[in-house]
Each structure stands twice: as C-alpha cells, then as structure tokens.
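Engineer: what's the 3D shape of this:
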Amino acid sequence: MNDTTSPSPETQVPTQKPSWWQAFHVYLEPASWRMLCLGFSAGLPLLLVLGTLSFRLREAGIDRSTIGFLSWVGLAYGFKWVWSPLVDRLPLPWLTRWLGRRRSWLLLAQSVVMAGLVGMAMLDPQQALEPVVWCALLVAFGSATQDIALDAFRIESADAQHQAALAATYQTGYRLAMIWAGAGVLWIAARVAGTDNTAYQHAAWQSAYLVMAASMGLGVLTVLLSPEPAQRELPPARNAAEWLRGALVEPFADFIRRYRWQAAIILGLIAVYRISDVVMGIMANPFYVDMGYTKDEVAAVTKVFGVIMTLLGAFIGGVLSMRLGVMRILMLGAVLSALTNLLFAWLATRGHDLTALIWVISADNLASGIASAAFIAYLSSLTNVNYSATQYALFSSMMLLAPKWLAGFSGVFVDAHGYQAFFNSTALLGAPVLLLVWLAARVLPAKA
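Structural biologist: Predicted coordinates for the structure are as follows:
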C-alpha cells in the first residue's frame, strides 16, 4: 500500500485478484492501522448524538415523539456536501502549512467535536433540553466535517485495490468506538450512579460524556503522527469565480460527465441503501428501555457483543469484496439488512428476553458489518481523486439524507402502531434497494 502517491481515476481498477494471503496481509500494513485509529475518532461522536443520547433522553423522561424528531440532529451528516468543497480546497491559516490540507481539517473538526461533547456533559436535559440539542448539533457538525476530511484522507492514501481493506479497518475502528460510545457510556454512567442505576442521574451522564470527550484524543494523536497524503497540484484560479467553479461546480459536473444517465441509478442506490438500518436504529434504544433491559444488559449485549459481531461482519465483507467483487457483497448486505429487521419484530413479542436479544443482535450486526464494508468500498470506487472529499461527501450525505429525515417520524409511528409494526415496516423499506443494486451491477459492470 502506497502512503505517498495517489492513483489516477483511470488506474483505480485492479488488474488481477490478490491471493488469499495478500487479501489478509493488507490488514497488517501501517495505513490500515492508521485507518483503525482514525475510524475510532470518526465513530465516537455518532452514538453520542443519536443512539446513546436517545437512551439518556428516554431515561430522563423525554417522550418518544420528541426523541424521534431530535434524531434530525443527524441531518448534519446528510448536508455535509454543502461545505465539503471548502474542506476539499480551502486552506486553514497556519494549520494547513503545518499539517497539510487533510490533516489540518481533521484536527479542527476533532476540536469542535470535543467542545460539543463537553457541553453535552455539563448540561442537564431534564432542566433545559434546547441547550443540549445545540451542543449535539455542534458535535454532529464537527463529526460530519471530520468525515469529509477523513474520507478524502483514506481515498488518497491507497489505490483502488486496497480500498476495501481500508474500508474494513476503518469500520473496525468505527465499531470499536461505538462499543466505547455505547457500552462504555452506559457502563460509566451505571458505575457512577451506584446501586440505583435505573433512575436518571445527571452526574452519572456528565461523567460519562466527559470521558468520551477525552477519548477523542486518540484521533488527535493519530492525525499529528500520520503522514499527509501526496497533494495533487490544483490548477491556479485567476479570480474568485473561477475558484468557486473549481471548488463547487466541477466535482459534481465531473461525476455527471463520467456516468451520464447512469448517475441517476447510482445516486438512487446510494440514497436508499442503508434506509432499513438507519430508520430502525433511532428507536432501538427506546425499545430496549421500554422492554425493561437495564443499562448493563444493553451495554453488554448490544454495545459490546453486538459490535464485535459487526466487526466480524466488516472483516468478512472486506475480504469477500476483494475476492468476489463489491457488487455481489453489496447485494448480500442489502438482503441481510432487510431480513434482520424482521427479527426485531419477533423480539418485540418476547418482552424481556435476554437470550432472544443476543441472537437478534448477533444476526443484525453481522449483516450490518458486511453491508457497510461493501458499501464504503463501492462509494470509494466512484470518486475521482481530484475531488475526493467533495464527491465522497456527496455520496455519504445522500446515504443519510432520506433515511434520517424519515427516521424523525419513527417515534410517532411507534406511538401509533407499536414496535412490531414499526420493525416490519423498516424491513419492507429495503425492498427497492435490491432492484437498484441489480440495476447498478448491470449498467456499470466495469466499475463493480
């Protein structure tokens, strides 16, 4: 894996399949280890403004409908393409000269995330919910900005043949962070709360969120110690209008020129591929609370064991994508993601059943890991490295925009129809995905 050179768009398709040993050995290379740590930094904020926050709010007595609408905080990830051209092209005073374009934006974004997490720690949603929401928005904005810079850093650090492996190690770090931001938060809060750990205690959540803010230090250290990818020389802009065209218009025009009418199929697939999981996930933590699962049970089963299964799935997805092709594994992930939502519908009929929860979480998270590794590799293959940050931000934003918007109504749906009907409905949302994967594989065989 080359850490200092970037491939041209024309050389992004490998000429031959690697051996099984080569496919596994790539995980031991330095770039993979760096991506593991940066993936941890990227994965830490997400649950703290979505899943873990919904658990905290539900325990604090906030109603499900409000929790559902507050998930729109996650729309910051869906609109990150708006400011992605700035991250792609705009240098930061002093920082860019010191660290380079990608690392300077990474460091700035990580600082914003840490500040927002400290704010969420110090504020009590029972006393005033709105300031907590504003701090959550700050975290989401910083996290989305970090994603923009990190996706560009990853794409520019290796050729196309290694992107599936980097995606898998990124997902591994991401999921390890989700263990810490999910199970770790609940475990810390439960320990601080003491014997009465089923009742809401602000001090317990305050301690947990402060530890999470400090945990962002791993990402900061990795940025400071990592090499900057080789920068491509950008054509000089003669005036502001020309700079804006190169930064804002050209990345999107390049994508349309390369794929023409097929771009509609690609964008449609990107927009709905993860819809089943994203919509279902907003109500998962309120579901656990309402089913009577304790913090320790949720931490152990869904946030530790479940994420381990996701890591296994990401590892399997990365290897299979390199050997069998991304599109085949993309289809497999879409099928499994829809089917596993039906298991949650069955779980809703079981009440407080810890054994059933373990089996459902095992299947769901394994499927999620496989789908995520293939999907990230697919998105990476679509980008032109000259506009990697902007184009990848567009793709990953579209992945979340419709699902996050729809997920905002999840609490209202559950209040009206119950959890079982909700989980069945989220499974049906995955049906159009299968058709779009099939179409994308047929019309774009060279890019698959």
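Engineer: quick one: low-confidence parts of this structure?
Structural biologist: Residue ranges of the chain with pLDDT under 70: 1-30, 158-165, 195-198, 230-240, 243-244, 246-248, 385, 388-389, 443-448.
Engineer: centroid residue for the protein?
Structural biologist: The residue lying closest to the centre of the chain (C-alpha atoms, centre = their mean) is Gly43, at 6.6 Å.
Engineer: that one against Ala177, yeah?
Structural biologist: Yes - if you go by C-beta atoms under 8 Å, Gly43 and Ala177 touch, sitting 3.3 Å apart. For the C-beta atoms, the positions are set from N, CA and C on the backbone; glycine is no exception.
Engineer: returning to that earlier point: point me to the helix or strand that includes the residue nearest to the centre of the chain.
Structural biologist: helix 30-49 (DSSP states H and E).
Engineer: so which elements touch that helix?
Structural biologist: When contacts are defined as 3 or more C-beta pairs under 8 Å, 6 or more residues apart in numbering; DSSP states H and E, helix 30-49 sits against helix 101-122, helix 129-156, helix 163-179, helix 202-215, helix 217-225.
Engineer: pull out the buried residues from that helix.
Structural biologist: 31-32, 34-49 (16 or more other C-beta atoms under 10 Å).
Engineer: how far does the helix or strand just after that helix sit from its chain's centre?
Structural biologist: Using DSSP H and E, the next helix or strand after helix 30-49 towards the C-terminus is helix 51-59. Here the centre of helix 51-59 is set off from its chain's centre by 19 Å, with C-alpha atoms, centre = their mean, to the nearest Å.
Engineer: could you check the angle helix 30-49 makes with helix 51-59?
Structural biologist: Using axes from the mean of the first three to the mean of the last three C-alpha atoms, to 10 degrees, one finds that helix 51-59 and helix 30-49 are set 20 degrees apart in direction.
Engineer: any idea which helix or strand comes after helix 51-59?
Structural biologist: helix 64-70.
Engineer: now that next one - C-alpha only, CSV.
Structural biologist: Extracted C-alpha coordinates of helix 64-70, given in CSV (Å, rounded to 0.1, in the frame of the first residue of the first chain):
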residue,chain,number,x,y,z
ARG,A,64,-40.6,9.1,22.2
SER,A,65,-42.0,11.5,19.6
THR,A,66,-39.6,14.2,20.8
ILE,A,67,-36.7,11.7,20.7
GLY,A,68,-37.6,10.8,17.2
PHE,A,69,-37.7,14.4,16.0
LEU,A,70,-34.4,15.1,17.8
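Engineer: for Thr96, see how far away Met283 is.
Structural biologist: 42 Å (C-beta to C-beta, to the nearest Å).
Engineer: compare those two and say which is more crowded by neighbours.
Structural biologist: With neighbours defined as other C-beta atoms under 10 Å, Met283 and Thr96 compare such that Met283 has more, 25 against 17.
Engineer: now the phi/psi pair for the more buried one, please.
Structural biologist: For Met283, the backbone dihedrals (degrees, to the nearest 10) come out as phi -90, psi 0.
Engineer: for it, which non-adjacent residue is closest in space?
Structural biologist: Nearest residue to Met283, sequence neighbours excluded (C-beta to C-beta, 6 or more residues apart in numbering): Ser410, at 4.8 Å.
Engineer: list the contacts for that neighbour?
Structural biologist: Ser410 is in contact with Gly68, Ser71, Val279, Met280, Ile282, Met283, Phe422, counting by C-beta atoms under 8 Å, 6 or more residues apart in numbering.
Engineer: just those residues now: which is nearest Asn384?
Structural biologist: Within these, proximity to Asn384 (C-beta to C-beta) peaks at Val279, which comes in at 31.1 Å.
Engineer: neighbours of the closest one, how many?
Structural biologist: Counted with other C-beta under 10 Å, the neighbours of Val279 add up to 27.
Engineer: pretty sure it sits against Phe423.
Structural biologist: No - checked against C-beta under 8 Å, the pair Val279 and Phe423 is beyond contact range at 10.0 Å.
Engineer: that older thread, ok now the helix holding Gly43, how far from the chain's centre?
Structural biologist: Put simply, helix 30-49 sits 10 Å off its chain's centre (C-alpha atoms, centre = their mean).
Engineer: again with stretch 275-286
Structural biologist: Between the mean C-alpha location of stretch 275-286 and the chain-wide mean there is a distance of 14 Å, by C-alpha atoms, centre = their mean.
Engineer: try stretch 424-435
Structural biologist: For stretch 424-435, the distance to the chain centre is 20 Å (C-alpha atoms, centre = their mean).
Engineer: start and end of that stretch, how far apart?
Structural biologist: Start and end residues of stretch 424-435 are separated by 19 Å (C-alpha to C-alpha, to the nearest Å).
Engineer: ok, residues contacting that stretch?
Structural biologist: 269, 272-273, 275-276, 279-280, 331, 334-335, 337-339, 341-342, 345, 413.
Engineer: which ChimeraX command selects the buried ones in these?
Structural biologist: The ChimeraX command for the buried members of the contacts of stretch 424-435 (criterion: 16+ other C-beta under 10 Å) is given here:
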select :269,272,273,275,276,279,280,331,334,337,338,341,345,413
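Engineer: just the contacts of stretch 424-435: which are in helices?
Structural biologist: In this view, those that belong to helices under DSSP state H are 269, 272, 275-276, 279-280, 331, 334-335, 337-339, 341-342, 345, 413.
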